[in-house]
Structure formats: C-alpha cells, structure tokens
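Asks: need the 3D shape of this:
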Amino acid sequence: MVRAQGGRIKALLLALLIGLVPTAAGGAAELDRLAPGLADAGTAAVAEVIDGDTVMLADGREVRFVGIQAPKLPLGRRNFPEWPLAPEARAAVVELIGGRSVAVRPGETAQDRHGRVLAHLFRADDGLWVQGEMLRRGLARVYTFPDNRRLAAEMMAAEADARAARRGIWALDHYRVRDAATLPDEADTEGTFQVVRGTVREVAEARGTTYLNFGPDWRTDFTATLDAAARRQFRAAGLDPAALSGREVLLRGWIRSRNGPMIELTHPEQITADPALVRAGKEDQ
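Replies: Okay, here's the model as predicted:
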C-alpha cells in the first residue's frame, strides 16, 4: 500500500511540474522562422486529440506529429502496456491545441502507410510550434526518419533543454538515457526505442557494413551499424562515421539483438557528438 501511494504521489507531482512549465514565448516568431522551409497544407481546427502525438482535424485529416514520439496509450491494442506519462502527454496536446486552429506543414514525406498526414503543427493564432513545445515540456522524444529530417536540429535542442532540467519523461527511470557500457545487461530494452550515451571505442567495416563498437567485444557489447544507404546520408551531411572513433556520442533508435544490443543508424540525425546535446542532463543521472 505504501508503494502504491508513493507511486500516485510521484505521478501527481510530475503532473504538477509539467503543468508549471511555461509555454514558450514568441510563437509567431517560431512560425515565421521555421515554417517557410516547409510545404503549406492549409489551416484547420483540431477536432479530437488521439494521443500525445496524433490529432484528428475537423476536415477529416488525421495528423501524426512528424519528428517526435510521445508516450504511448494502448488505444485498443491488446496486451499493449500504457507508457508512463502517456495520459499527461495527451492532456498537454488538448491544452495546447484542442479545439483550436492549426497551420499544417507536412514533412518531406507527407503521409505514412496508414494514410495519416505527417506534419509539423503551429497554432494559427500565435504561431506556437507544437512539436517544440511538447519537447520543451519533456513530453516527447525526437524521433526522425531518413525521409523526414527537417527541423531535427531545433527539435534536438528543445529535447536537450528538457533533459537538462529533468522535465516530464526525463525525470523517470523508464525513459532514462541508457549507458552504452551497461546496455548488454539490460534485457528489457530489446525491441524498444531508446536514447543511448557512450564512447565509440572502434569504427570497423565488414561486408559493406560500418560498425561503431562501444565495447571491447563486438560479439556481446553494444554496437551501432550503418549500411551503404546510411553512409550516403552521412556523407551528404558532411559527416564521416570514422571520425567518431574515441568520441562520446548520443544516439537513438530501436534496440535489436544481434551479437549483443544493436541500433541500426539510417540517417545522421540519429547520432550526435555535440557536447551540449550529449551531456544535457548527464550530471543528474
């Protein structure tokens, strides 16, 4: 009973802390600064908030917030556990844009295989960038794809600000930045999306694949991989994977089990060696 009460108290305190995070000022400036590089898909009212990163518009379009991943609700899926702070993330979207008009700015790939519009959303009345605000509140993580990478740098900066302040999900052990050195001992991470921090011990190539090894034994230690397509993406961005040897990095992706835990890097936004982004919140972990 004591443990259950403690959990409820912690959840209430987190909800209060999230509610105390001020909405970012200068919304109109965000729209003017960020939206010109994006396609314009018009303006519509938000008719329903499905979860922390998906809404239904009054014109019938379902919009998935491109570039971020909020804590997930089951939404009718069998045996799908609710992620911590998922209700709070949905409530934040309701607060931010529920019933309000939003400017829809699609990503590079404008629709997913489910028919949802993939877009950045800005409040029509004051220009507030919804993705940025969810990241600043610590109610989402940056979640980019090879074909949807715009505004990644701005999103990473907003996420780092929340991590440094331990807002929202970053105050919970469930979402903690994982240590590459101890990741092989954490069996619960397989098949999950994680943010991982570690130092690249060695960069190697074999059979057309580049391996970033984070430990002395590639058979068991954490590794990140790049195939030929990913290397082309890295080179186009002016990044050389070999230059990461000996560098402390922050990377993100889905954990697979292949000679130990592994993340497949498909585009350069999945990894950064920028000290400000890598170390944000590290001293508190």
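Asks: contacting residues for Ala164?
Replies: Counting by CB atoms under 8 Å, 6 or more residues apart in numbering, Ala164 makes contact with Ala280, Gly281. Yep, even glycine has a C-beta here, placed from its N, CA and C like the rest.
Asks: how about stretch 88-95: buried residues?
Replies: In terms of neighbour count (16 or more other CB atoms under 10 Å), stretch 88-95 has its buried residues at Glu88, Ala89, Arg90, Ala91, Ala92, Val93.
Asks: okay, those in CSV with secondary structure and pLDDT next?
Replies: Conversion of those to CSV gives the following (DSSP: H, G, I helix; E, B strand; the rest coil; pLDDT from 0 to 100):
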residue, secondary structure, pLDDT
Glu88, helix, 98
Ala89, helix, 98
Arg90, helix, 98
Ala91, helix, 98
Ala92, helix, 98
Val93, helix, 98
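Asks: which helix or strand in this protein has the lowest average pLDDT?
Replies: Within the chain, no helix or strand scores below helix 2-20, which has a mean of 49 by mean pLDDT, DSSP states H and E.
Asks: can you name the next helix or strand after that helix?
Replies: Using DSSP states H and E, the helix or strand that follows helix 2-20 in sequence is helix 27-34.
Asks: between the buried residues of stretch 88-95, which is nearest Ala187?
Replies: Of all these, Ala187 sits closest to Ala89, with 26.6 Å by CB to CB.
Asks: just give the closest residue to that closest one, not the sequence neighbours.
Replies: Closest residue to Ala89 apart from its sequence neighbours, by CB to CB, 6 or more residues apart in numbering: Gly52 at 2.9 Å.
Asks: what's the answer for Ala158, then?
Replies: Nearest residue to Ala158, sequence neighbours excluded (CB to CB, 6+ apart): Leu135, at 3.8 Å.
Asks: am I right that that neighbour sits in a helix?
Replies: Yes - when DSSP: H, G, I helix; E, B strand; the rest coil is applied, Leu135 is found to be in a helix.
Asks: my read: it touches Ala152, true?
Replies: No - the criterion here is CB atoms under 8 Å, and Leu135 misses it with Ala152 at 11.3 Å.
Asks: which one's more surrounded, those two?
Replies: Of the pair Leu135 and Ala152, Leu135 is the one with more neighbours under other CB atoms under 10 Å, namely 28 against 17.
Asks: the more buried one and Gly115, how far apart?
Replies: Between Leu135 and Gly115 the computed distance is 26 Å (CB to CB, to the nearest Å).
Asks: could you pull up phi and psi at Leu172?
Replies: Backbone torsions for Leu172, taken as degrees, to the nearest 10, come to phi -110, psi 140.
Asks: what mean pLDDT does stretch 254-272 get?
Replies: Taken as a whole, stretch 254-272 has an average pLDDT of 95.
Asks: pull it out as CSV, backbone CA atoms only.
Replies: Only the C-alpha atoms of stretch 254-272 are listed here, as CSV (Å, rounded to 0.1, in the frame of the first residue of the first chain):
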residue,chain,number,x,y,z
TRP,A,254,15.2,0.7,-31.8
ILE,A,255,17.2,-1.8,-29.9
ARG,A,256,17.8,-5.1,-31.7
SER,A,257,19.6,-8.2,-30.5
ARG,A,258,22.5,-9.1,-32.9
ASN,A,259,25.7,-10.0,-31.3
GLY,A,260,24.6,-8.0,-28.3
PRO,A,261,22.3,-5.0,-28.4
MET,A,262,22.4,-3.0,-31.6
ILE,A,263,20.9,0.1,-33.1
GLU,A,264,20.7,0.5,-36.9
LEU,A,265,21.6,4.0,-37.9
THR,A,266,19.8,5.0,-41.1
HIS,A,267,20.4,8.8,-41.1
PRO,A,268,22.7,11.2,-39.4
GLU,A,269,20.1,12.8,-37.1
GLN,A,270,20.1,9.6,-35.0
ILE,A,271,23.6,10.4,-33.6
THR,A,272,25.4,13.5,-32.4
